[in-house]
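Q: The sequence and its predicted three-dimensional model are supplied below.
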Amino acid sequence: MAVIELNNLNFSYDNKNNILKNIDLKIEEGEIFGLIGPSGAGKTTIIKLLTGQLYSKDNVKVFNDIPKGKLFYEQIGFVMDSIGLYERLTCYENLKIMSMIHNVNVLNIMEKLEMVGLKDDANKAVYKLSSGMRQRLLIARGILHSPRILFLDEPTRGLDPATAKDIQEIFLKIKDEGTTIFLTSHNMQEVENICDSVGFLFNGELVECGKINAIKEKYEMNKRVSFIDDEGVKSEYDIKKDKKELIDAIKSNNSFYINSETVSLEDIFIKLKRSGVNAS
Ligand SMILES: Nc1ncnc2c1ncn2[C@@H]1O[C@H](COP(=O)(O)OP(=O)(O)OP(=O)(O)O)[C@@H](O)[C@H]1O
């Protein structure tokens, strides 16, 4: 079942310049969707439209278009930036305030702190947290009320690779609990590691979108392999077009080395950017 649907969405901040252009998108319940795009492409704008921070008439449907009221906000969580934490209060106290706002049992607090790896820091004041710990707390705050959809705007920006990896693991745990995740990222490896589907947004246009495996397969059509023969001579073959030549080369060499690299989301991003999509 699709929990998010954008139908021919156009959006401008000033009624003149279209920031988002004819966007069609469907996100299934329970998946992790990653939105990739250069700075200024419109990723945050999409999140703001989906979470009701910006308004667009009738092309943005979340949970089949329930009104953006109490029932809606009970079912979504979002982590947009690091503001809104009470610096002098502890992690636990910050979540306690949030639990009152969401009318959630305080017993949930320790469970969520444990889930994000902050159980032992429950009594630490926020101003003493590292940026990674702060991000974990924001995620705990975003999932305190066990939302059906969690929106994350560049959730691992500025974090070291090990901390980013730990946080990605948390997202997989959140997904295991049945939550749909919509995230934006500049880190294509991250999207490749944890997402089921991906969208490439260039200058407000969704130029490619779908299951990661299907997109990778599409761009692997012209996959090349390098072949090093008995004598160390290297040749390159197109796996589809030069199939016969490649088989002949394998047959006529006793020892050889073949190197084939699968296409990455980064390769696809670069290809799309170079291939004349309207990249910003
Ligand atoms: N409140 C606003 N008023 C007018 N224009 C805005 C506003 N917010 C964003 N924009 C413009 O909309 C475009 C898309 O911005 P947006 O923040 O959605 O991009 P983004 O893809 O999230 O970028 P980044 O990766 O840098 O966060 C940019 O040209 C930006 O200048």
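A: Good, I have the coordinates. Residues are numbered from 1 along each chain as shown.

Q: going forward, measure contacts between C-alpha atoms and count neighbours the same way
A: Noted.

Q: Would you mind listing what in the chain touches the ligand?
A: Contact residues (Cα under 6 Å from any ligand atom) of the chain with the ligand: 13, 19, 38, 39, 40, 41, 42, 43, 44, 45.

Q: Skipping its backbone neighbours, what lies nearest the last one in space?
A: Using Cα to Cα, 6 or more residues apart in numbering and skipping residues adjacent in sequence, the residue nearest residue 45 is residue 54, 7.8 Å away.

Q: hang on, isn't that neighbour packed against residue 48?
A: Yes - using Cα atoms under 8 Å, residue 54 is in contact with residue 48, at 5.4 Å.

Q: Can you report how many residues neighbour residue 273?
A: For residue 273, the neighbour count with other Cα atoms under 10 Å is 17.

Q: Quick one: mean pLDDT over stretch 129-145.
A: Stretch 129-145 comes out with an average pLDDT of 94.

Q: Neighbour count for residue 54 and residue 48, which is higher?
A: Neighbour tally, residue 54 and residue 48, criterion other Cα under 10 Å: the higher count belongs to residue 48, 17 against 13.

Q: what comes up buried for stretch 159-166?
A: Buried residues in stretch 159-166, defined by neighbour count with 16 or more other Cα atoms under 10 Å: 163, 164, 165.

Q: any idea which helix or strand carries residue 208?
A: In this structure, residue 208 sits in strand 205-211 according to DSSP states H and E.

Q: ok, that strand: who's next to it in the sheet?
A: Strand 205-211 has its sheet partners listed here by DSSP bridges as strand 197-202 (antiparallel).

Q: For the partner strand, list the C-alpha coordinates in CSV.
A: Taking C-alpha atoms only, strand 197-202 is exported to CSV below (Å, rounded to 0.1, in the frame of the first residue of the first chain):
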residue,chain,number,x,y,z
SER,A,197,14.0,2.7,-3.4
VAL,A,198,15.7,5.9,-4.6
GLY,A,199,14.7,9.1,-6.4
PHE,A,200,17.2,11.3,-8.2
LEU,A,201,16.0,15.0,-8.1
PHE,A,202,17.8,17.5,-10.3
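
Q: starting at the chain centroid, how far to it?
A: Offset of strand 197-202 from its chain centre (Cα atoms, centre = their mean, to the nearest Å): 9 Å.

Q: any idea of the mean pLDDT for it?
A: 97.

Q: Residues touching it, excluding its own?
A: Here strand 197-202 makes contact (Cα atoms under 8 Å, 6 or more residues apart in numbering) with 31-38, 41-43, 191, 206-212, 269, 277-280.

Q: now residue 72: how far from the ligand?
A: Counting by Cα to the nearest ligand atom, to the nearest Å, the gap from residue 72 to the ligand is 22 Å.

Q: Could I get the full set of strands for the chain?
A: Remark: strands assigned in the chain by DSSP state E are 2-11, 20-28, 32-36, 60-62, 76-79, 149-153, 180-185, 197-202, 205-211, 224-228, 234-238, 257-260.

Q: Any chance of the ones you listed in JSON lines with distance to residue 86 as columns?
A: Output for the strands of the chain, formatted as JSON lines (distance: least, Cα to Cα, whole Å):
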{"stretch": "strand 2-11", "distance to residue 86": "32"}
{"stretch": "strand 20-28", "distance to residue 86": "34"}
{"stretch": "strand 32-36", "distance to residue 86": "29"}
{"stretch": "strand 60-62", "distance to residue 86": "30"}
{"stretch": "strand 76-79", "distance to residue 86": "15"}
{"stretch": "strand 149-153", "distance to residue 86": "20"}
{"stretch": "strand 180-185", "distance to residue 86": "25"}
{"stretch": "strand 197-202", "distance to residue 86": "34"}
{"stretch": "strand 205-211", "distance to residue 86": "37"}
{"stretch": "strand 224-228", "distance to residue 86": "54"}
{"stretch": "strand 234-238", "distance to residue 86": "57"}
{"stretch": "strand 257-260", "distance to residue 86": "51"}
